[in-house]
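[1] A structural model of the following input is requested.
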Amino acid sequence: MTEITITPMEDKDFGAVATDLDLKNLTDTQFSELHAAFLKHGFLLFPDQHLAESDSISFGERFGELEFGGAAMANQKKNTDGTFGKIYDLQSQLMRTNVGNEAWHTDSTYKPISSKIAMLSAVVIPDEGGQTELADLQSGYESLDEQTKELVAGLSAFHSTNFSQANDLGDFPDIEGDEGDWTSELKTAYGEVYHGEAYLRPLVKIHPETGIPNLFVGRHAFGIPGLTRDESRSLIRSLIDHVVSSERRVYSHDWKVGDTLLWDNRRALHRARPYDYTKPRYLIGTRVAGDPASELAYYPEDPAAEAGRIALTEELIQLRNETKDKMYGATTASF
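    Below is the predicted model of the structure:
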């Protein structure tokens, strides 16, 4: 049996390349070695794997229950026969959401249970742009001055995609509206993202498997209880800016067909980079669900959820008036 090779990213505080392995045929011993390396480095790059959607699901399930698996992360409509049709218009909610993902974020913090692990595999890539970038929240926290560590120690922020889309782009999703070309399938899919809830999460997260503290902020975060709106916005922005201010804490991946990138959502921010949206881009996405013991904020039916709804409603009212000069001009997509 060939021994797996783990090569740390050069001049980076996190990340490694894993070679001499086949993700479709890992032994239990190889997976244990891989899992240990993953926790140590925060993300792993697997070149030349060429995973199919079913392979992505099978590999993801080795880490735990999936939030979703083998999903087509594409700018084209996927047909029932597996082929791809038209490229979506930039005004569609799908593309509005994709553009939103070009800001730094962690996955599923806007849900009751945030995700544990995310994975992308490249199938079709544009000639230029479209990179995926990662930033290390662990070394970001470690490098804070003591005064800032004391400040953030007891603070939390609400998380919502309704907020982040409005704040970043002037996009106000409304899947309940009767206008536009909303199919029941689209309403179901986007209902899991734009649901009108906001979940409170601490600014500092103790990693449940390593015990190491990490900052836990991103574009979905807003409304820190106990601070004014301006203070909250300033602090969240300054923490994100701090994390991404050092080249040692940021990795930019230029995709090659066949690559698979796996990262720890409890430790790493990520974002997509722009590309020519008239050209096809197709990645396979799989996301491993978080463990409720460490990733659950609360459920919508819990009394604690009401504070999040109130905070989000008040924030969106202000953003309606503040985001008319943003990309989507404080508008709502019709499909």
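
[2] Spatially central residue for the protein, please.
    Centroid-nearest residue in the chain, with CA atoms, centre = their mean: Asp107, separated by 3.1 Å.

[3] now that one, nearest residue through space, not along the chain?
    Closest residue to Asp107 apart from its sequence neighbours, by CB to CB, 6 or more residues apart in numbering: Ser115 at 4.6 Å. C-betas here are computed from N, CA, C, even on glycine.

[4] I'd like the distance between the one you found and Asn167.
    21 Å (CB to CB, to the nearest Å).

[5] distance between the ends of stretch 276-283?
    The straight-line separation of the ends of stretch 276-283 (CA to CA, to the nearest Å) is 15 Å.

[6] and the closest residue to Asp276 other than its chain neighbours, what element?
    Closest residue to Asp276 apart from its sequence neighbours, by CB to CB, 6+ apart: Pro126 at 5.9 Å. Using DSSP states H and E, Pro126 sits in no helix or strand.

[7] quick one on the thing from earlier: what's near enough to touch the residue nearest to the centre of the chain?
    Residues near Asp107 by CB atoms under 8 Å, 6 or more residues apart in numbering: Ser114, Ser115, Ala118, Asn265, His270, Arg287.

[8] one more time with 10 Å, if that's ok
    Counting by CB atoms under 10 Å, 6 or more residues apart in numbering, Asp107 touches 67, 101, 114-118, 218, 220, 263, 265, 268, 270, 285, 287-288, 290.

[9] I'd like to know which of the residues you listed are part of strands.
    Glu67, Ile117, Ala118, Trp263, Ala268, His270, Gly285, Arg287, Val288 (DSSP state E).

[10] Between which two of those residues is the distance greatest?
    Greatest spatial distance in the ones in strands among the contacts of Asp107: Glu67 and Ala268, 16.4 Å, computed using CB to CB.

[11] before we move on, the earlier item: what's the pLDDT at the residue nearest to the centre of the chain?
    At Asp107, the model reports a pLDDT of 97.

[12] Same check on Trp182?
    51.

[13] I'd like the distance between Leu312 and Asp174.
    14 Å.

[14] Show me the common contact partners of those two, please.
    Asn162, Gly196.

[15] just to revisit the earlier point, assumed the residue nearest to the centre of the chain was part of a helix.
    No: read with DSSP: H, G, I helix; E, B strand; the rest coil, Asp107 is coil and lies in no helix.

[16] mind checking the backbone torsions on it?
    As for Asp107, its main-chain torsions (degrees, to the nearest 10) stand at phi -80, psi 140.

[17] what about it, distance to Gly70?
    Remark: distance between Asp107 and Gly70 (CB to CB) = 16 Å.

[18] Least confident secondary structure element in this protein?
    Counting by mean pLDDT, DSSP states H and E, the weakest-scoring helix or strand in the chain turns out to be helix 184-191, with a mean of 68.

[19] Who does the helix or strand just after that one pair with, and is each partner parallel or antiparallel?
    Using DSSP H and E, the helix or strand that directly follows helix 184-191 along the chain is strand 199-202. According to DSSP bridges, strand 199-202 forms sheet pairs with strand 156-159 (antiparallel).

[20] residues in contact with Asn162?
    110, 171-174, 193-198, 220, 312-313, 315-316, 319.

[21] still on that earlier bit, number of residues surrounding the residue nearest to Asp107?
    When neighbours are counted by other CB atoms under 10 Å, Ser115 registers 21.

[22] quick one on the thing from earlier: so for Leu312 and Asp174, which residue has more residues nearby?
    Leu312 (22 against 17).

[23] contacting residues around the more buried one?
    Leu312 neighbours (CB under 10 Å, 6+ apart): Phe158, His159, Ser160, Asn162, Phe163, Ala166, Gly196, Glu197, Ala198, Tyr199, Phe222, Gly223.

[24] Not counting residues beside it along the chain, what's closest to the third one?
    Think Ser160. Ala198 (4.1 Å).

[25] That neighbour contacts Ser156, doesn't it?
    No: contact criterion CB atoms under 10 Å: Ala198 and Ser156 do not qualify, at 11.3 Å.

[26] shared neighbours of these two, anything?
    Common neighbours of Ala198 and Ser156 (criterion: CB under 10 Å, 6+ apart): Ala221, Gly223, Ala297.
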